[in-house]
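>>> Sequence isn't available, so here's the structure alone:
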């Protein structure tokens, strides 16, 4: 059983390699696959965010799908109500519309320390010449917020006071309730003097 | 410039001392490996039977499914695949360097250390000391020995490489040298980050996925393809077609293959599975390149080499490499992965990789190398062909039902209306067929082990005879006077 | 590739890059211990398992339970449901809207739109976030598993194969200690047709002495030890059951939100 080189078998040679060039199509395929992988990565990877897990594709998408409650919920609700009730005249961006309503963004009547004056405006309405951010407005506003509940109006006013660069505090449902109680049913529209008096009070 | 024939002007007959220098290390490595192969197949059979008969050996805690299955997998990978690959690597380096193996006794010592490590590791798993990480289950004692043994053999191989007389590198050099660096790095990382100073939380899973992919796909790919690229041109007596395509295959394998492994639904931030999915798509490149090199090299010679047994094994191994890589790429596609994740499709792909590709390639290499280094032909040459056909049958009966069963299982898991027990029942017929496949594989492995043990015995007997002859020789007068 | 040094360099670059990407980067990103805050609450999660449950995790590991069970819930999508909270001053209009609009399985934009319509009509709605997927439809969890779920576990036993059901929320599905123990001793007694092997070696069958042991398992009808004997769990079985009972991950987090 001894292993011997048989005489009729060719010699045991070491292999060699040819020098043929690599076909071009495989490089084209490589570039194509790299491109497709990059696109796939862009769309699906969440760009290395540690919080983004499959099936969310980005941090923004994950943020959208958070169940809202508390302050965030208030703002979300307030935004919805604002856009339904106030946005047509005051603008969805709070910039107001000439001839219709003054702006709320950056308005000194919105960013007050106390909230009594502000709450009265949608509850009772407002008449008379008003200066907002240096511009004169002489319009009359109906009591657009009278139909809203305490909580809803609080949400809307909180939204107004915390959007478009406004950085004022919350308005709670209790605030609205006490103002509504003090106004009574069918209040007459405020005049600008009354509003000024209130704003200075607090 | 096409080089269909590039005759080597240097002398072709290999130095017989070269082959003989590899004899002891190869016998040490492959003898133990054959033993672990049989042990692994037996354990796999026990594990497989437990699915049809859950009560089978249920009262023995050593043989509970959760211990026996990882032990079987590790016995196949660490017990057979890696040491055989190391032995083949040493011989290929010696041959390509045209010098005898450096420090063969170090390699023999390393082989013994390796097999001791595997013994400790497998025993550790069976008594319940497994680390709990897939493909890293060996407890600390075993894994330290494995790493030490690997480093010793890497030193031998690198020393042989350093002393090479033939200075131009052959493609197999790249693959096999890369494999020598790859394993210690990933194995040390796995053990340091997961066992010695464990990282916190789900990062363990990420590193385990990384390790498993780099070992099972990249390392086995490097070692197996490197071996195939050496033997295929040698056996068909044509040059490898071509050097640059093999280089392309090498680069794409190591650049992209290493990023696969994180499954789509893993509880990890989505950038990790996305990177793995992208890398898996890019695996088409090494797949095509390796396939093209192998096909172009053997094209036209397949029929004439049909009776060359090592060639059959290695050819079958290459076919299984292509199939298993395709399965890997398929599993990484999100739409397919959603169905096949957590099903038998995964183990089917792993077994095809381990056994169909790597073990078959190693069988072919060992069947070629051992007679040349030991100096004796196989004691049972006909069993080699029987082993080939039985292995092929076993692979077919093992992998195909597992793959199909896995897909059906996946489809049922994704249908919430199907009860858990019904999903299990639906996979049973496929598991039964795969158990018969394992039986054939066990039989084939027994034939392989039989041949190796008989060869070792023949070699030892010859050594003994030589020793006795030396002792019995009467002293010459010169020696008697001294 | 001219020499060994260039091969070494190539391997160093390739493996080094993926080592940085999948070993170093996750360790830096997720490796620091960080509890998360449960959504809409100030509670922290996770709180760490009780001692016996941690021992149970080691029993889980030693017996290789992860070979057949996974501990990760997957999620394939997320949808919104619009739920009416208050009919408001125009209940008729609102109820008409509610009955004619699609209210379930909407995207966020669609849900916002429906909400807006109902708000215009005076009603108040809430948007509920719902995680979807086959695992969730099977009741295996209410949201996918995220890093915080495994924060204090060593080793993390995610599992690779579902020969049996997922266990991430098994403490929610089967909160009874006796059920878990009986299921370990004889799975077929609790789950008809189960392929799970019986783990009898984790238990002792004892002759009932003067009084039955308080730890004895209570079996369903038709199963159980012969008369005069009781099955008592060994410490490993109790630890394993404690671990299984501690597996609950149904809390909403920022990275896996849902409305409870």
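Perfect, thanks for sending it. Being a predicted model, the structure only gives us computed values, none of them experimental.
>>> Determine the longest helix present in the chain.
Chain wasn't specified; assuming chain A. Longest helix of chain A, by residue count under DSSP state H: helix A:24-44.
>>> actually chain C
helix C:4-19.
>>> what residues does it touch?
Under the criterion CB atoms under 8 Å, 6 or more residues apart in numbering or on different chains, residues B:158, B:161-162, B:169, B:173-174, B:177-178, B:181-182, B:185-186, B:189, B:210, B:214, B:250-251, B:254-255, B:258-259, C:1 lie in contact with helix C:4-19. (Each C-beta comes from the backbone N, C-alpha and C, glycine too.)
>>> For that helix, the averaged confidence score.
If you average the pLDDT over helix C:4-19, you get 94.
>>> Buried ones in it, by neighbour count?
Buried residues in helix C:4-19, defined by neighbour count with 16 or more other CB atoms under 10 Å in any protein chain shown: C:4, C:7, C:10-11, C:14-15, C:18-19.
>>> can you check stretch B:147-163 too?
B:147, B:149-150, B:152-161.
>>> what's the average pLDDT for the helix or strand hosting residue C:204?
Assigned by DSSP states H and E, residue C:204 belongs to strand C:203-207. Mean per-residue pLDDT for strand C:203-207: 93.
>>> Neighbouring strands - and their directions - for it?
Looking at strand C:203-207 with DSSP bridges, its partner strands are strand C:229-233 (antiparallel).
>>> so who does the residue nearest to the spatial centre of chain A touch?
Nearest to the mean C-alpha position of chain A, by CA atoms, centre = their mean, lies residue A:76 at 8.5 Å. The contact partners of residue A:76, taken as CB under 8 Å, 6+ apart, are residue A:68.
>>> On the three-state scheme, the residue lying closest to residue A:99 once chain neighbours are set aside is what?
Leaving aside its sequence neighbours, residue A:99 sits nearest to residue A:139 (CB to CB, 6 or more residues apart in numbering or on different chains; 7.7 Å). Of the three states, residue A:139 takes strand according to DSSP: H, G, I helix; E, B strand; the rest coil.
>>> For residue C:230, name its beta-bridge partners.
Assigned bridge partners for residue C:230, using DSSP bridges, are residue C:206.
>>> Relative to residue C:212, how far out is it?
6 Å (CB to CB, to the nearest Å).
>>> More neighbours: these two, which one.
Neighbours were counted for residue C:230 and for residue C:212 using other CB atoms under 10 Å in any protein chain shown; residue C:230 has more, 19 against 11.
>>> Leaving out the residues flanking it, which one is nearest to residue B:332?
residue B:280 is the one closest to residue B:332 (CB to CB, 6+ apart), at 3.2 Å.
>>> and if you look at residue A:91?
residue A:97 (5.8 Å).
>>> same deal with residue C:133?
Nearest non-adjacent residue to residue C:133, counting by CB to CB, 6+ apart: residue C:76, 3.9 Å away.
>>> Now do the same contact list for that neighbour.
Remark: with contacts taken as CB under 8 Å, 6+ apart, residue C:76 is in contact with A:55, B:338, C:132-134.
>>> Spell out which residues of the stretch 151-300 of chain B are next to chain A.
B:166, B:170-172, B:229-234, B:237, B:239-246, B:248, B:252, B:264-265, B:267-271, B:273-275, B:277-279, B:281-282, B:284-285, B:288-289 (CB under 8 Å from any CB of the partner chain).
>>> filter those residues to the buried ones?
Buried by 16+ other CB under 10 Å: B:170-172, B:229-234, B:239-246, B:248, B:252, B:264-265, B:267-271, B:273-275, B:277-279, B:281-282, B:284-285, B:288-289, out of those.
>>> related to what we said a few turns ago, can you flag which of the residues of the stretch 151-300 of chain B next to chain A belong to helices?
Among these, the residues falling in helices (DSSP H) are B:171-172, B:229-234, B:243-246, B:248, B:252, B:271, B:273-275, B:277-279, B:281-282, B:284-285, B:288-289.
>>> Settle this for me: residue C:259 is touching residue A:67, isn't it.
Yes: assessed by CB atoms under 8 Å, residue C:259 is found in contact with residue A:67 at 4.4 Å.
>>> circling back: and the contacts of helix C:4-19, which are buried?
Buried among those by 16+ other CB under 10 Å: B:158, B:161, B:169, B:173-174, B:177-178, B:181-182, B:186, B:189, B:210, B:214, B:250-251, B:254-255, B:258-259, C:1.
>>> Pull up the residues of chain A that are close to chain C.
Counting by CB under 8 Å from any CB, chain A sits next to chain C at A:48, A:50-56, A:62, A:64-70, A:77, A:80-81, A:83-84, A:147.
>>> In helices only, show me those.
Using DSSP H, the residues of chain A next to chain C in helices are A:62, A:64, A:77, A:80-81, A:83-84.
>>> Now flag whichever of the residues you listed is closest to residue C:238.
Distances from residue C:238 to these, taken as CB to CB, are shortest for residue A:62 (40.2 Å).
>>> List the residues that contact the residue nearest to residue A:91.
Residue A:97 makes contact with A:89-91, according to CB under 8 Å, 6+ apart.
>>> Buried ones among the residues you listed?
For the contacts of residue A:97, buried by 16+ other CB under 10 Å: A:89-91.
>>> Closest one of those to chain C?
residue A:89 (15.9 Å; CB to the nearest CB).
>>> Ramachandran coordinates for that closest one?
phi -90, psi -50 (degrees, to the nearest 10).
>>> Now do the residue nearest to it when sequence neighbours are not counted: how many residues are near it, please.
Nearest residue to residue A:89, sequence neighbours excluded (CB to CB, 6+ apart): residue A:101, at 3.9 Å. When neighbours are counted by other CB under 10 Å, residue A:101 registers 20.
>>> Please read off the pLDDT at residue A:101 from the model.
Reported pLDDT for residue A:101: 88.
>>> ok, and the closest non-adjacent residue to the residue of chain C found nearest chain B?
The nearest approach of chain C to chain B comes at residue C:64, 2.1 Å away (CB to the nearest CB). Distances taken as CB to CB, 6+ apart place residue B:66 nearest to residue C:64, at 2.1 Å, with adjacent residues excluded.
>>> Quickly find the element holding residue B:451.
helix B:420-472.
>>> What ranges does chain A have for its strands?
Here chain A has its strands, by DSSP state E, at A:126-132, A:135-141, A:190-191.
>>> Check the stretch 1-150 of chain C too.
Secondary structure of the stretch 1-150 of chain C, counting by DSSP state E, counting those that start in this stretch: strands at C:36-37, C:44-45, C:77-86, C:124-132.
>>> is the third one up against chain B anywhere?
No: Strand C:77-86 stays clear of chain B (CB under 8 Å from any CB), getting no nearer than 11.2 Å.
>>> and that strand, what does it pack onto?
Contact here means 3 or more CB pairs under 8 Å, 6 or more residues apart in numbering or on different chains; DSSP states H and E; on that basis strand C:77-86 packs against helix C:108-120, strand C:124-132.
>>> I'd like the ones you listed laid out as CSV, including mean pLDDT.
What follows is those, written out as CSV (pLDDT from 0 to 100):
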stretch, mean pLDDT
helix C:108-120, 86
strand C:124-132, 89
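>>> Go through these and name the closest to residue B:352.
strand C:124-132 (33.7 Å).
>>> If I take that closest one and strand C:77-86, what angle do their directions form?
160 degrees (axes from the mean of the first three to the mean of the last three CA atoms, to 10 degrees).
>>> List the buried residues of strand C:124-132.
Neighbour-count burial for strand C:124-132 [16+ other CB under 10 Å]: C:124-131.
>>> And chain A, split by domain according to the record?
Split into domains by automatic domain parsing, chain A comes to A:24-62, A:71-201.
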